[in-house]
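Participant: need coordinates for the following:
(one chain, ligands or ions: 1)
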Amino acid sequence: MTDYLPVPNPTKSFWLTAEVDFHDHRSTAELPPEADIVIVGSGYAGTTTAHFLMKEGFDGTIVMLEARDVCSGATARNGGHLKPSLYYSQKSWTKKFGEKGAAEIANFEFAHLAAMKELIEKENIDCDFVLGRSCDVHLTPSAVNAALENYQQFAKNPYVTCKQDVQLHVGENAKTISHVLDSEVCVTFTAGQLWPYKLVTSLLRKCMQQGLNLQTNTPVLEIQGFDNKWLVKTTRGTILARKLVIATNAYTASVEPKFMNKIVPIKGICSHITPKVRPSHLSHTYGIRYDGADQDYLINRADGTVVVGGAKKHIFPFKNVFYNVVDDSTLISGTKEYFDNYMKLFHDWKFTDTDTDHVWSGILGYTDDSFPYVGEMPHESNKFIIAGFHGHGMPRVLLSAKALAGNIMGKKLEVPEAFKISQERMTRTRNEILASLGTPVAKL
Ligand SMILES: Cc1cc2nc3c(=O)[nH]c(=O)nc-3n(C[C@H](O)[C@H](O)[C@H](O)COP(=O)(O)OP(=O)(O)OC[C@H]3O[C@@H](n4cnc5c(N)ncnc54)[C@H](O)[C@@H]3O)c2cc1C
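Facilitator: Next up is the predicted model:
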């Protein structure tokens, strides 16, 4: 399905200002005719899967196919925010999966903080990683209500193991701690920030040193079953995979049309903002929440700049600009101006002039039921998937990839039940995305 392939000439994100010395890399001039494992996609999911396969002791051949340049998808154009969702979705998760299932997701996301720190330290990766606190600021009555209800649900769930990390603040405390004068309620908890492109390209370089064959600018066009193996057809010829890993996130329908209404490409916008005179350093990373799905996110980089993403007021009401859109070569009208004034929200930035020096777009892979698809595809032996991170991959991909690598090597798949691919999930036809975003029905 060429309609779902990444487009050429994407916008350039702030993260892509980092130089890597293997742009447009091809480990071999020709595509190898076969491989033990073929991974499609060189982003966070594909790369960490390769990394963990090698850590698990896999010593066969691995070929990675990438449609554009290395790590040029969502991972290279996100907000750099490793922020677990702990309390905020507890009501809906409990309704769907019970207390145990809801806690399983929060605990899994929380575990990413320590896992990421361990990975970065062990592999000695320079990617501006900071483990600090995040502050969710709730700015409308409905956001405050939702926060309080979800927090109560979280606090009473006996299976949650990260409860002590999360703190609710109200009234004057909320204003002081959040640095936002309009904030009546805020919630703080441990979160991380990093330079995702540096993380992934560093891991990718290490994987190549251990034998990974990387083939950039090689879009996969079709996959065909062949004797329990998979024929992977690309613009540069065909490769036979004994095992296949699909790590194409928003673009998954380009290789697997059955995901067309299940993993939907959603266009998002992010920015990098530099203060003209450096104000006091913000104490937290942020989630700023308004009504419904309207929210922004922000990281406070140690160099005094910030990365802010969201601007959803300018996106979600207009289905045609964001829904089922793979074009990250353009921006969305109104978003640059939105970020230009954004930092005035914080009282210590009120009189600080800022320069929005980078604005970029990226494509998020939202799923029909809001959870990623991880595991071996039902009734399709040796075809694995790790995709559909619903705009929230940083605290979900790493341990999903570790679990998937183990699963490919014969171990049980240790991810939350909600993430596991199943026949039931594949046959359900309901798509909850637009309703959850509050996109007006008249525009559908
Ligand atoms: C604007 C924006 C802001 C975000 N902010 C955050 C954030 O702050 N925190 C957070 O947790 N998450 C955030 N996300 C989501 C997060 O970036 C993703 O969940 C995560 O990066 C997904 O990683 P991935 O490897 O699955 O996908 P990707 O990084 O998109 O990798 C998929 C790769 O597959 C390649 N590919 C696709 N189709 C084919 C094909 N047919 N053949 C060959 N190759 C193919 C693509 O080119 C791409 O390189 C954001 C996303 C965006 C777009």
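
Participant: tell me the average confidence for stretch 404-413?
Facilitator: Per-residue pLDDT over stretch 404-413 has a mean of 98.

Participant: is any residue of it near the ligand?
Facilitator: No - if you take C-beta under 6 Å from any ligand atom as the test, stretch 404-413 misses the ligand, and the best it gets is 11.6 Å. In this view, the C-beta of every residue, glycine as well, is placed from N, C-alpha and C.

Participant: and that stretch, end to end?
Facilitator: Counting by C-alpha to C-alpha, to the nearest Å, you get 6 Å between the two ends of stretch 404-413.

Participant: tell me which residues in that stretch are buried?
Facilitator: Residues of stretch 404-413 classed as buried by neighbour count (16 or more other C-beta atoms under 10 Å): 404-408, 413.

Participant: which other residues reach that stretch?
Facilitator: With contacts defined as C-beta atoms under 8 Å, 6 or more residues apart in numbering, stretch 404-413 is touched by 37, 49, 51-53, 55-58, 243, 245, 374-376, 384, 386, 403, 414-415, 420.

Participant: narrow the residues you listed to those in helices?
Facilitator: Judged by DSSP state H, the contacts of stretch 404-413 include 49, 51-53, 55, 403 as members of helices.

Participant: for ChimeraX, what selects the buried ones among the contacts of stretch 404-413?
Facilitator: Buried subset of those, written as a ChimeraX selection, criterion 16+ other C-beta under 10 Å:
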select :37,49,51,52,53,58,243,245,374,375,376,384,386,403,415,420
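
Participant: dead centre of the chain: give me the residue that sits there.
Facilitator: Central residue of the chain (C-alpha atoms, centre = their mean): residue 393, 2.6 Å from the mean position.

Participant: and it, what does it touch?
Facilitator: Under the criterion of C-beta under 8 Å, 6+ apart, the neighbours of residue 393 are 44-45, 74-75, 78, 249, 372.

Participant: what is the mean pLDDT for stretch 273-288?
Facilitator: 96.

Participant: from one end of it to the other, what's the distance?
Facilitator: Criterion C-alpha to C-alpha; first-to-last residue distance in stretch 273-288 is 16 Å.

Participant: now do the buried residues in that stretch.
Facilitator: Residues of stretch 273-288 classed as buried: 273-274, 279, 282, 284-288 (neighbour count, 16+ other C-beta under 10 Å).

Participant: dump those residues to CSV, plus distance to the ligand and secondary structure.
Facilitator: Formatted as CSV, the buried residues of stretch 273-288 follow (distance: C-beta to the nearest ligand atom, whole Å; DSSP: H, G, I helix; E, B strand; the rest coil):
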residue, distance to the ligand, secondary structure
273, 15, strand
274, 19, strand
279, 22, coil
282, 16, coil
284, 14, coil
285, 9, strand
286, 11, strand
287, 10, strand
288, 13, strand
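
Participant: which other helices and strands contact the longest helix along the chain?
Facilitator: Longest helix of the chain, by residue count under DSSP H: helix 90-123. Other elements packing on helix 90-123 under the criterion 3 or more C-beta pairs under 8 Å, 6 or more residues apart in numbering; DSSP states H and E are strand 81-82, helix 141-155, strand 185-193, helix 196-209, helix 397-408.

Participant: make a markdown table out of these and add distance to residue 3.
Facilitator: Below are those laid out as a markdown table (distance: least, C-beta to C-beta, whole Å):
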| stretch | distance to residue 3 |
| --- | --- |
| strand 81-82 | 30 |
| helix 141-155 | 36 |
| strand 185-193 | 34 |
| helix 196-209 | 26 |
| helix 397-408 | 25 |
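
Participant: sorry, back to before: and the contacts of residue 393, which two are the farthest apart?
Facilitator: Farthest-apart pair in those is 78 and 372; separation 15.0 Å (C-beta to C-beta).

Participant: how near is the residue in the stretch 301-444 of the chain that the ligand sits nearest to to residue 138?
Facilitator: Residue nearest to the ligand within the stretch 301-444 of the chain (C-beta to the nearest ligand atom): residue 393, separated by 2.2 Å. Counting by C-beta to C-beta, to the nearest Å, the separation of residue 393 from residue 138 is 24 Å.

Participant: and for residue 172?
Facilitator: On the measure of C-beta to C-beta, residue 172 and residue 138 end up 15 Å apart.

Participant: more crowded one of those two?
Facilitator: residue 138 (27 against 9; other C-beta atoms under 10 Å).

Participant: that one reaches residue 150, doesn't it?
Facilitator: No - at 10.3 Å, residue 138 does not count as touching residue 150 under the criterion of C-beta atoms under 8 Å.

Participant: point out where the protein drops to low pLDDT.
Facilitator: Scanning the chain for pLDDT under 70 picks out the ranges 441-444.

Participant: could you chop it up by domain?
Facilitator: The chain breaks down by automatic domain parsing into domains covering 2-78+197-263+369-437, 131-191+265-366.

Participant: distance to residue 124 for those - can I get that in JSON lines?
Facilitator: Output for the domains of the chain, formatted as JSON lines (distance: least, C-beta to C-beta, whole Å):
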{"stretch": "domain 2-78+197-263+369-437", "distance to residue 124": "9"}
{"stretch": "domain 131-191+265-366", "distance to residue 124": "16"}
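
Participant: so which of those domains is nearest residue 112?
Facilitator: Residue 112 lies closest to domain 2-78+197-263+369-437 among these, at 4.2 Å (C-beta to C-beta).

Participant: who in the stretch 251-400 of the chain is up against the ligand?
Facilitator: Residues of the stretch 251-400 of the chain lying close to the ligand by C-beta under 6 Å from any ligand atom are 251, 254-255, 268, 270, 297, 309, 362-364, 387, 389, 391-395, 397.

Participant: change it to 5 Å
Facilitator: Residues of the stretch 251-400 of the chain lying near the ligand by C-beta under 5 Å from any ligand atom: 251, 254-255, 268, 270, 309, 362, 364, 389, 391-394.

Participant: between those residues, identify the one with the most neighbours.
Facilitator: Of these, with other C-beta under 10 Å as the count, residue 389 tops at 30 neighbours.

Participant: check the gap between it and residue 113 for me.
Facilitator: Taking C-beta to C-beta as the measure, residue 389 falls 17 Å from residue 113.

Participant: ditto for residue 217
Facilitator: From residue 217 to residue 113 the distance is 35 Å (C-beta to C-beta).

Participant: now do the SS call for the residue of the stretch 301-444 of the chain closest to the ligand.
Facilitator: When classified by DSSP: H, G, I helix; E, B strand; the rest coil, residue 393 comes out as coil.
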